[in-house]
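> Based on what follows, work out the 3D shape:
(chains A and B)
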Number of protein chains: 2
Amino acid sequence: MSNKNGVEWSIRVGDGSSMVLEHEHEHVVMRLWDRLKGLVVGFVMRVCMFIKKAWDLGVDDPRKFFHCLKVGVALMVVSLFYYMRPLYDGVGGSAMWAVMTVVVVFEFTVGGTLYKCLNRICATFLAGFLALGIHWIASHANHQFEPYIMGISLFILASATTFSRFIPIVKARFEYGCTIFILTYSLISVSGYRVDNLLSMTHTRVSTIIIGTCLCIITSMLVFPVWAGLELHLLVPRNMNKLAKSLECCVADYFGRGDEESKKTLPGYKCVLNSKSSEESMANFARWEPAHGGFNFRHPWKNYLKIGASSRSCAYCIETLTSCLDSKNQVPESIKKHLESACMNLSSTSSNVIRELATSVTTMTRSATINVAVNDMKNAVLELQNDLKSLSDLLIQPHDHKENNEQVSSEMTIMPLLEVMPLVSFASLLIETASRIEENMVKAVEELAESAQFKQPEDEVKLKNNQATNKIVSDEENVITLQRV
Amino acid sequence: MSNKNGVEWSIRVGDGSSMVLEHEHEHVVMRLWDRLKGLVVGFVMRVCMFIKKAWDLGVDDPRKFFHCLKVGVALMVVSLFYYMRPLYDGVGGSAMWAVMTVVVVFEFTVGGTLYKCLNRICATFLAGFLALGIHWIASHANHQFEPYIMGISLFILASATTFSRFIPIVKARFEYGCTIFILTYSLISVSGYRVDNLLSMTHTRVSTIIIGTCLCIITSMLVFPVWAGLELHLLVPRNMNKLAKSLECCVADYFGRGDEESKKTLPGYKCVLNSKSSEESMANFARWEPAHGGFNFRHPWKNYLKIGASSRSCAYCIETLTSCLDSKNQVPESIKKHLESACMNLSSTSSNVIRELATSVTTMTRSATINVAVNDMKNAVLELQNDLKSLSDLLIQPHDHKENNEQVSSEMTIMPLLEVMPLVSFASLLIETASRIEENMVKAVEELAESAQFKQPEDEVKLKNNQATNKIVSDEENVITLQRV
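Numbers count the residues shown, from 1 in each chain, chains lettered A, B, ... in the order given. Coordinates of the predicted model:
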């Protein structure tokens, strides 16, 4: 009775109390069942969603599947060391260091794997020799001092190495090596108290690590390799193409020419805004990779970072540009019409330059038409500036001045500057974007072309035979058709 | 004689040849010596520079020194496990796992250490139980099948876990756990072939890891702790203050009021542009931290990321704004004068709002004056818009119209819009910055104040006693004085 709500309700209805209680009981059970079913279904749904998402991730980039299979295969191969007796007798019980190396060292990209492998090998060697040396000194000193010498050296080396990890250049290139250095040194120096045959222990540890790293390097380089350098080489121009598309879509949208598709591609610039850290880590890994594809060992990966930075500086402009879209309806249509063709032309020539640069980076070939494209862009800037100049006239002579002559002759009507302001700032942001493309991006790509010795374009010989002017005219025609489409 | 330049020269001089050769010899030695000295000095200089830089890094943030000492102390304590016999007998030869745990798990922030510790413990337990279970099943099957069962299960689990590391949420929170899971599973399952007493091996491994992690957690939490949450809590308002300063400096510089110091603080906004990844990693670590300082266990760290994103969106605007500085001299002084006070006012009120929000975040107190500050900013926007409106009049009536009346009466002179354009777009970018502050930043801070239950301002009671109007008047006076300074 008392404080249960359901029971109070049964008294009001006044049926046989036992039956009501049974109902009540059934009710509670049903509710519990429903809730449980809901929970289970919800959980299963969530798990399914999660698996679906994970699967999509793999379908988008099947190399991720391959990577997992590679790790599995490498681990299986290493575990053979344990299972096959002859090998087991060879490297001794510490073959598990080989297993550990494979687990810890295997990365998605070849550069990442090499970075970890080389760091691990060098740090292990260095720490091993140092630990043996200090152990030798300590063992020749008074027996009483031995633990103190080992302990203090451990303290000093561990602290110093930990501190060096805060230094940016060490963090970028040798962070993993620092960890392994402390690890190996402390393991060997601490084992010095216990293990009698320290030298053989060091030897097996180093040899098993070499076995593990070699296996990792071979697997990651020969079976479906993913080169960090190639990834960076493809990422940078891909981002540039996204910028070009976003720029075009933004301007088209401003003048009411955007369709559904352009609205989807407009936010493409956003992944350029925060691309710095991923580009930097790829460049760091690429530094460790041997020559592959068209890249030498000392391929100028740093220049890709410069191009990335120039892309970001354009992306900041485009980000500000898109916020102009909110105020696009404040501007009178007549004024917009006046600047439309010049703006559209500038956006299409600018994206043309970006695309040309992206193609040049992708194909590692100097662009034959980049100068023409940049000139087109400059001309488009001049055209827009001229249109802005003549806008002043439009402001004091509104377009309907022919219809009511009397008014104009008696007094000039002035369109308030405030109404035109969003359009003016939109146009000047477009001009700023163009100048950033010219000043940063073109120069950065030029520097890369210089230091990576890009090929001369194939049709340069043909070009020289034709008249240069012909070429320019045809290119200008291309731009004009682009603009009309 | 022949092809050595030096020898030819000696013949011309005509001294005794033996003496000349000695000269020549001395010359080469001296050159080599100079070069060697240069190399050594250069190397020493480089090393000194490197050490100087590293030292500055530590002086800037002495907690980095403390961190290194903490790591050293923790390692010393762990190595006692090896040195003291009773403890050694207790945990057995695998005490080195405790050493390893300390080396690998100790991070700069408490959150980072906890993240690694908890991941390590959970993953070790999970993998240990799973490996023992599968080993039990395999040992009850036909002896022939045992290695196959273990091998295939290792392959499947390793591949699946490696794949799960590609999923963003797993990567952010459990990446280290995934590595440890594969590591422990493969070590135990592979050892299954060899080690007879598997259960005791698992037990010692788990217990040593627990010893190591506990030591790390205690050291990092009790000795000069660096809380990732607190770091994030300080970083976000620090970035906001940098934005406020940059905004003020940029506008002051545009109107020729910048001094040397303002030029130094102008690029402060740049470190906001790329702050995303560091903020995210701090928020990820902060999630693991227990209640500390004014923060509960479930403090809404995600909201800090939102404020960070809003800061970045302002920083993009300011970045575009600074590029206007190049064109500041194109605009006629008279026109600049016309907008100067309104622009300066808007910049000072905007930075005021940012500073007010930053203080509110830092002190975790709702700001009593934020609404007034936002209103001031809105008024400043209106003022600037009014000045822009009246700019149209100025454009057709140049300021010198009183000197030559005849000209004006006969024909109105129009200042070309193109000259004013940089200033107009500068002003509209300022307005855009203000609207981003209002729409993004104020809202984000409001959300944080809501979910983190910020304190009410102390002087609210006093405020209510006074008339609200008084307050507003005095605040407006403050702004005006700021502006005049």
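> chain center to stretch A:120-139: distance?
39 Å (C-alpha atoms, centre = their mean, to the nearest Å).
> ugh, typo on my part, it should be stretch A:248-261
That offset, for stretch A:248-261, works out to 27 Å (C-alpha atoms, centre = their mean).
> now do stretch A:245-252
Distance, centroid of stretch A:245-252 to centroid of chain: 22 Å (C-alpha atoms, centre = their mean).
> and if you look at stretch A:227-237?
Worked out by C-alpha atoms, centre = their mean, stretch A:227-237 lies 10 Å from the chain centre.
> any bit of that stretch sitting next to chain B?
No: for stretch A:227-237, no contact with chain B is found by C-beta under 8 Å from any C-beta of the partner chain; the gap never falls below 14.3 Å. Quick note: C-beta positions are derived from backbone N, CA and C, even for glycine.
> Buried ones in that stretch, by neighbour count?
Neighbour counts over stretch A:227-237 (16 or more other C-beta atoms under 10 Å in any protein chain shown) mark A:227-233, A:235-237 as buried.
> Hmm, A:I156 is touching B:G72, no?
Yes: the criterion here is C-beta atoms under 8 Å, and A:I156 meets it with B:G72 at 7.4 Å.
> In terms of neighbours, single out the busier of those two.
Legend: neighbour count by other C-beta atoms under 10 Å in any protein chain shown for A:I156 and B:G72, higher for B:G72 (23 against 11).
> dump the residue contacts of that one.
A:154-156, A:158-159, A:162 (C-beta atoms under 8 Å, 6 or more residues apart in numbering or on different chains).
> With secondary structure added, can I get the residues you listed in a markdown table?
Compiled in a markdown table, the contacts of B:G72 are given as follows (DSSP: H, G, I helix; E, B strand; the rest coil):
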| residue | secondary structure |
| --- | --- |
| A:L154 | helix |
| A:F155 | helix |
| A:I156 | helix |
| A:A158 | helix |
| A:S159 | helix |
| A:T162 | helix |
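> Just to check, A:L232 is in contact with A:Y304?
Yes: using C-beta under 8 Å, A:L232 makes contact with A:Y304 at a distance of 5.4 Å.
> can you list residues touching both of these two?
With C-beta under 8 Å, 6+ apart as the test, A:L232 and A:Y304 both reach A:279, A:283.
> Low-confidence regions, chain A specifically.
A:1-24, A:81-95, A:192-196, A:394-417, A:459-485 (pLDDT under 70).
> Longest helix in it, please.
Assignment by DSSP state H gives helix A:17-60 as the longest helix of chain A.
> residues of the next helix or strand after that one that come out buried?
Downstream of helix A:17-60, the first helix or strand assigned by DSSP states H and E is helix A:63-83. Buried residues in helix A:63-83, defined by neighbour count with 16+ other C-beta under 10 Å: A:64-65, A:67-76, A:78-79, A:81-82.
> How about stretch A:264-273?
In stretch A:264-273, counting by 16+ other C-beta under 10 Å, buried: A:266, A:268-269, A:272-273.
> for those, which one is nearest B:R312?
In terms of C-beta to C-beta, no member of the buried residues of stretch A:264-273 lies closer to B:R312 than A:L273, at 7.8 Å.
> ok, for the closest one, nearest residue in space, not its chain neighbours?
Distances taken as C-beta to C-beta, 6 or more residues apart in numbering or on different chains place A:A315 nearest to A:L273, at 5.2 Å, with adjacent residues excluded.
> Contacts only, for that neighbour.
Neighbours of A:A315 in contact, by C-beta under 8 Å, 6+ apart: A:243, A:269-270, A:272-273.
> of those, closest to B:W33?
Distance to B:W33, by C-beta to C-beta, is smallest for A:V272 among the contacts of A:A315, at 53.7 Å.
> can you map out the strands along the stretch 101-250 of chain A?
Here the stretch 101-250 of chain A has no strands by DSSP state E, counting those that start in this stretch.
> May I have the residues that are in contact with the residue nearest the centre of chain A?
Centroid-nearest residue in chain A, with C-alpha atoms, centre = their mean: A:S278, separated by 4.1 Å. Shown in contact with A:S278 (C-beta under 8 Å, 6+ apart): A:L235.
> in what helix or strand does it lie?
Residue-wise, A:S278 maps onto helix A:276-286 under DSSP H and E.
> mind saving the C-alpha coords of that helix as CSV?
Taking C-alpha atoms only, helix A:276-286 is exported to CSV below (Å, rounded to 0.1, in the frame of the first residue of the first chain):
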residue,chain,number,x,y,z
LYS,A,276,49.5,22.5,-40.2
SER,A,277,50.1,19.7,-37.7
SER,A,278,49.4,16.8,-40.0
GLU,A,279,51.6,18.3,-42.7
GLU,A,280,54.4,18.8,-40.3
SER,A,281,54.3,15.3,-39.0
MET,A,282,54.2,13.9,-42.6
ALA,A,283,57.2,16.1,-43.5
ASN,A,284,59.0,14.8,-40.4
PHE,A,285,58.4,11.2,-41.4
ALA,A,286,59.2,11.8,-45.0
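> Enumerate the positions of it that are buried.
Buried residues in helix A:276-286, counting neighbours by 16+ other C-beta under 10 Å, are found at A:276, A:279-286.
> now do stretch A:365-379
Across stretch A:365-379, burial judged by 16+ other C-beta under 10 Å covers A:365-370, A:372-374, A:376-378.
> How about stretch A:296-316?
Buried, per 16+ other C-beta under 10 Å, within stretch A:296-316: A:299-301, A:303-316.
> And it, how far out from the chain middle?
12 Å.
> show me what contacts A:R165?
A:171, A:175, A:178.
> separation between the first one and chain B?
Same thing as A:K171. Going from A:K171 to chain B by C-beta to the nearest C-beta, to the nearest Å gives 11 Å.
> on contacts alone, who are the packing partners of the helix or strand harbouring A:S435?
With secondary structure defined by DSSP H and E, A:S435 is part of helix A:417-436. Counting contacts by 3 or more C-beta pairs under 8 Å, 6 or more residues apart in numbering or on different chains; DSSP states H and E, helix A:417-436 packs against helix A:228-254, helix A:301-323, helix A:333-363, helix A:370-396, helix B:301-323, helix B:370-396, helix B:417-436.
> What helices and strands are in contact with the next helix-or-strand element following that helix?
Remark: after helix A:417-436, the chain's next helix or strand is helix A:442-451, criterion DSSP H and E. Packing partners of helix A:442-451 (3+ C-beta pairs under 8 Å, 6+ apart): helix A:301-323, helix A:333-363.
> got a markdown table for these, with distance to A:M100 too?
As requested, the helices and strands packed on helix A:442-451 are exported to a markdown table (distance: least, C-beta to C-beta, whole Å):
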| stretch | distance to A:M100 |
| --- | --- |
| helix A:301-323 | 30 |
| helix A:333-363 | 40 |
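> Which stretch among these approaches B:G258 most closely?
Comparing the helices and strands packed on helix A:442-451 by C-beta to C-beta, helix A:301-323 comes nearest, at 21.8 Å.
> Send over that closest one as PDB, restricted to the C-alpha atoms.
C-alpha atoms of helix A:301-323 as PDB (Å, rounded to 0.1, in the frame of the first residue of the first chain):
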ATOM      1  CA  TRP A 301      60.000  18.400 -48.000                       C
ATOM      2  CA  LYS A 302      60.300  21.700 -46.100                       C
ATOM      3  CA  ASN A 303      59.200  23.500 -49.300                       C
ATOM      4  CA  TYR A 304      55.900  21.600 -49.100                       C
ATOM      5  CA  LEU A 305      55.300  23.100 -45.700                       C
ATOM      6  CA  LYS A 306      55.900  26.500 -47.200                       C
ATOM      7  CA  ILE A 307      53.300  25.800 -49.800                       C
ATOM      8  CA  GLY A 308      51.000  24.500 -47.100                       C
ATOM      9  CA  ALA A 309      51.500  27.800 -45.100                       C
ATOM     10  CA  SER A 310      50.700  29.800 -48.200                       C
ATOM     11  CA  SER A 311      47.500  27.700 -48.800                       C
ATOM     12  CA  ARG A 312      46.500  28.500 -45.200                       C
ATOM     13  CA  SER A 313      47.000  32.200 -45.600                       C
ATOM     14  CA  CYS A 314      44.700  32.000 -48.600                       C
ATOM     15  CA  ALA A 315      42.200  29.900 -46.600                       C
ATOM     16  CA  TYR A 316      42.100  32.600 -43.900                       C
ATOM     17  CA  CYS A 317      41.100  35.100 -46.600                       C
ATOM     18  CA  ILE A 318      38.400  32.800 -48.000                       C
ATOM     19  CA  GLU A 319      37.100  32.100 -44.500                       C
ATOM     20  CA  THR A 320      36.600  35.900 -44.100                       C
ATOM     21  CA  LEU A 321      35.100  36.000 -47.600                       C
ATOM     22  CA  THR A 322      32.500  33.400 -46.800                       C
ATOM     23  CA  SER A 323      31.200  35.500 -43.900                       C
END
